[in-house]
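J.: Give me a model of this one.
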Amino acid sequence: TATILAAANALIANNSERIDKVLRPTRGEGELITLTRCDDEIAEAEAVVHRLRTMEAANPELSWGDMAVLYRTNAQSRSIEESLVRWGIPYIVVGGLRFYDRREIKDLLAYLRLLVNPADTVSLLRVINVPKRGIGKTTIQRLTDAANQLGIPLWDVVSDAEAVRSLGGRSARGLLQFCELLHDLRRQVQEVAPSELIQQVMEKSGYVSELIAEGTDEAEERRRNLQELVNAALQYQEENEEGDLEGFLATAALSSDADSKDTAADRVTLMTLHSSKGLEFPVVCLVGLEQGLFPSYRSLDDPASLEEERRLCYVGITRAKERLFLSHASERRLWGGMREAAVPSVFLSELPEALVQGDLPQSGGAALRRERRLERLTRVDRDRPSSAPANAVRRRQAGPAPGRSWSVGDRVTHASFGVGEITHTFGSGEKVSIAVKFAGMGPKILDPRLAPIEPIAADG
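T.: All right, here's what the predicted structure looks like:
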């Protein structure tokens with residue numbers, strides 16, 4: 001409409017580096033642009049969804065597929081997705097995955113599920129080498145085969161230091177460190193809030209430090225998604241005073257399952273501004289118009305970057321064919337920190353007042369919210385003691401002579417566990433490992449070259 005194009009033209013006129021062109025409307029004046037100021041990002045998501053429901057109910061010709069919500073960063077989709085799920089509105093994320101389908105979110109949730117239930121083998125296999133700890137596929141297969149043959153959960157093998165040293169080969173150190181990490185975190189599940197546990201997993205596993213080391217835009221995007229998972233946990237804690245880790249995981253599961261099997265074309269579209277280029281919708285909601293978010297904090301001290309952000313805002317505005325709704329929050333929880341006051345985007349003050357209804361803030365754009373907390377949130381523990389257990393020294397002298405063959409049914413005596421019987425053998429030749437059933441305990445997987453065992457003669 002003429003109103004939308006006039007607003008877009010007025011905005012982009014603030015850019016000096018541009019080809020002078022003006023888009024001309026092919027339809028009438030249309031409705032004024034609506035600007036909404038919300039208390040926080042949760043209120044903003046609810047306001048957007050309420051707006052979509054109202055539009056759909058009042059306009060029989062409009063379907064969900066005629067509506068889009070645009071945002072600057074992928075992490076912003078979470079609160080909007082959760083609100084859409086709450087109201088039962090089908091949606092699709094274009095140019096990306098739904099929040100709970102993103103790889104880094106699935107990884108972190110797998111860690112959390114392991115803290116609640118170590119026997120969750122699917123989650124264990126997902127993160128046993130994420131981030132990389134030098135645990136190869138061959139080792140994982142050996143451990144899995146052993147667990148299957150013994151009929152016990154994979155965790156029972158992985159968390160047994162003797163079994164790890166026997167079957168793990170060069171991966172043993174990484175496996176022992178992984179188990180120590182999980183044991184350390186499990187001790188805190190009852191004492192620590194879910195948001196704090198997520199932070200600890202991110203830090204102590206090395207997940208965030210790996211993303212920082214990667215240093216790419218994609219790694220930064222993934223890190224913001226992880227911080228948004230912390231925000232999701234903080235929101236859950238605010239809404240559920242007695243909430244624990246299991247409760248949070250159940251909430252996340254509901255959000256990720258909702259509408260995942262829906263294949264209908266009639267869905268609200270969610271996407272970043274970058275993904276929206278070339279697309280148009282009758283109704284568009286452009287959210288998060290705040291300094292440091294849109295325009296992004298990186299662009300605030302760089303005129304060229306600020307012009308690029310303004311071009312992006314121009315793109316967002318011109319995605320709307322008939323109705324355009326803009327919104328910003330008075331405060332926002334950014335990247336897993338406390339709530340901070342948010343300053344309206346400089347772009348809002350560049351729109352002609354006559355074209356906008358609602359609360360048009362004046363903003364000089366000087367105020368800026370930096371990511372002050374990122375350092376604290378993403379620090380890496382450098383002073384942790386070595387995780388190699390004291391008994392990791394190879395005890396070659398304790399075992400029998402190399403080259404001995406071991407068979408199922410053989411009886412052995414162990415310096416600590418007493419007399420037992422071999423129930424399974426894994427591998428062959430020099431690399432053989434054995435499972436021994438000792439009285440009063442589950443099967444133990446041992447490396448016969450290292451373990452303090454002696455065979456018992458058949459007549460003994």
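J.: Which stretches in the stretch 1-150 of the chain count as helices?
T.: 2-12, 41-58, 77-86, 103-116, 121-127, 137-150 (DSSP state H, counting those that start in this stretch).
J.: possible to save the ones you listed as TSV with mean neighbour count, distance to residue 217 and mean pLDDT?
T.: Just so you know, the C-beta spots here come from the backbone N, C-alpha and C atoms, and that holds for glycine as well. Formatted as TSV, the helices of the stretch 1-150 of the chain follow (neighbours: other C-beta atoms under 10 Å; distance: least, C-beta to C-beta, whole Å; pLDDT from 0 to 100):
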stretch	mean neighbour count	distance to residue 217	mean pLDDT
helix 2-12	20	24	94
helix 41-58	19	22	94
helix 77-86	23	17	93
helix 103-116	20	14	96
helix 121-127	18	24	95
helix 137-150	17	30	91
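J.: Switch those over to a markdown table; also include distance to residue 327.
T.: Below are the helices of the stretch 1-150 of the chain laid out as a markdown table (distance: least, C-beta to C-beta, whole Å):
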| stretch | distance to residue 327 |
| --- | --- |
| helix 2-12 | 15 |
| helix 41-58 | 5 |
| helix 77-86 | 11 |
| helix 103-116 | 25 |
| helix 121-127 | 36 |
| helix 137-150 | 47 |
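J.: hey, which helix or strand in the chain has the poorest pLDDT?
T.: Least confident helix or strand, the chain: helix 374-377 with a mean of 33, by mean pLDDT, DSSP states H and E.
J.: What is the subsequent helix or strand relative to it?
T.: Downstream of helix 374-377, the next assigned helix or strand under DSSP states H and E is strand 411-414.
J.: how about that following strand as CSV, C-alpha atoms only?
T.: Output in CSV follows, covering the C-alpha atoms of strand 411-414 (Å, rounded to 0.1, in the frame of the first residue of the first chain):
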residue,chain,number,x,y,z
ARG,A,411,37.1,-69.3,36.1
VAL,A,412,39.5,-66.5,37.4
THR,A,413,40.4,-64.9,40.6
HIS,A,414,40.7,-61.1,40.9
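J.: Just want the most central residue of the chain.
T.: In the chain, the centroid-proximal residue (C-alpha atoms, centre = their mean) is residue 105; its distance is 2.2 Å.
J.: That one contacts residue 96, doesn't it?
T.: No. Residue 105 is beyond contact range of residue 96, at 11.9 Å (criterion: C-beta atoms under 8 Å).
J.: quick one, strands of this protein?
T.: 33-38, 67-71, 91-93, 268-272, 281-286, 320-329, 331-333, 339-341, 356-358, 411-414, 418-426, 433-438, 443-446, 453-455 (DSSP state E).
J.: Name every strand pairing with the longest one and say which way it goes.
T.: When you say that, I think you mean strand 320-329. Paired strands of strand 320-329, with direction, are strand 33-38 (parallel), strand 281-286 (parallel) (DSSP bridges).
J.: now the first one, how far from the centre of its chain.
T.: To tie it back to what came earlier, the one meant is strand 33-38. Using C-alpha atoms, centre = their mean, to the nearest Å, the mean C-alpha position of strand 33-38 is found 30 Å from that of the whole chain.
J.: before we move on, the earlier item: please identify the most buried of the strands paired with strand 320-329.
T.: Counting by mean count of other C-beta atoms under 10 Å, strand 281-286 has the highest mean neighbour count of the strands paired with strand 320-329, with a mean of 24.
J.: Tell me which residues touch residue 189, please.
T.: 115-116, 197, 244-245 (C-beta atoms under 8 Å, 6 or more residues apart in numbering).
J.: Let me have those residues in CSV, adding distance to residue 412 as columns.
T.: Shown next, in CSV, are the contacts of residue 189 (distance: C-beta to C-beta, whole Å):
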residue, distance to residue 412
115, 36
116, 37
197, 42
244, 44
245, 42
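J.: Between those residues, which sits nearest residue 7?
T.: For those, the residue nearest residue 7 by C-beta to C-beta is residue 197; the value is 45.2 Å.
J.: burial count for that closest one?
T.: For residue 197, the tally of surrounding residues (other C-beta atoms under 10 Å) stands at 24.
J.: Any regions of the stretch 351-460 of the chain where pLDDT drops low?
T.: Low-confidence segments of the stretch 351-460 of the chain (pLDDT under 70): 359-403, 459-460.
J.: how does it look with 80?
T.: 359-404, 427-431, 442, 449-450, 458-460 (pLDDT under 80).
J.: do the same with the stretch 151-300 of the chain
T.: 254-265.
J.: rerun that using 50 as the cut-off
T.: For the stretch 151-300 of the chain, applying pLDDT under 50 flags the ranges 260-261.
J.: which ones are touching the residue nearest to the centre of the chain?
T.: Counting by C-beta under 8 Å, 6+ apart, residue 105 makes contact with 99, 225-226, 229.
J.: Which of those ranks first by neighbour count?
T.: Using other C-beta under 10 Å as the neighbour criterion, residue 229 leads the contacts of residue 105 with 29 neighbours.
J.: you'd agree that residue is up against residue 197?
T.: No. Residue 229 is beyond contact range of residue 197, at 11.0 Å (criterion: C-beta under 8 Å).
J.: what about the nearest residue to residue 119 once chain neighbours are set aside, neighbour count?
T.: In space, residue 119 comes closest to residue 153 once its chain neighbours are excluded; the distance is 4.1 Å by C-beta to C-beta, 6 or more residues apart in numbering. Close neighbours of residue 153, defined as other C-beta under 10 Å, add up to 16.
J.: cool, and the one 4 residues further on?
T.: The burial count assigned to residue 157 is 25, neighbours taken as other C-beta under 10 Å.
J.: So it versus residue 175, what's the distance?
T.: Separation of residue 157 from residue 175 (C-beta to C-beta, to the nearest Å) stands at 10 Å.
J.: Next: residue 409.
T.: Counting by C-beta to C-beta - residue 409 and residue 175 are separated by 29 Å.
J.: Have a look at the two and say which one is more surrounded.
T.: residue 175 (27 against 9).
J.: Roughly how far does residue 348 sit from residue 78?
T.: From residue 348 across to residue 78, the span is 23 Å (C-beta to C-beta).
J.: next one: residue 223
T.: Residue 223 is 14 Å from residue 78, where distance means C-beta to C-beta.
J.: what does residue 220 give?
T.: 17 Å.
J.: Kindly report the same for residue 71.
T.: In terms of C-beta to C-beta, residue 71 sits 10 Å off from residue 78.
J.: cool, residue 444 as well?
T.: Between residue 444 and residue 78 the computed distance is 45 Å (C-beta to C-beta).
J.: repeat for residue 355
T.: Separation of residue 355 from residue 78 (C-beta to C-beta) stands at 31 Å.
J.: Residue 159 now?
T.: Here residue 159 is placed at a distance of 33 Å from residue 78 (C-beta to C-beta).
J.: and what of residue 160?
T.: Distance from residue 160 to residue 78, by C-beta to C-beta: 38 Å.
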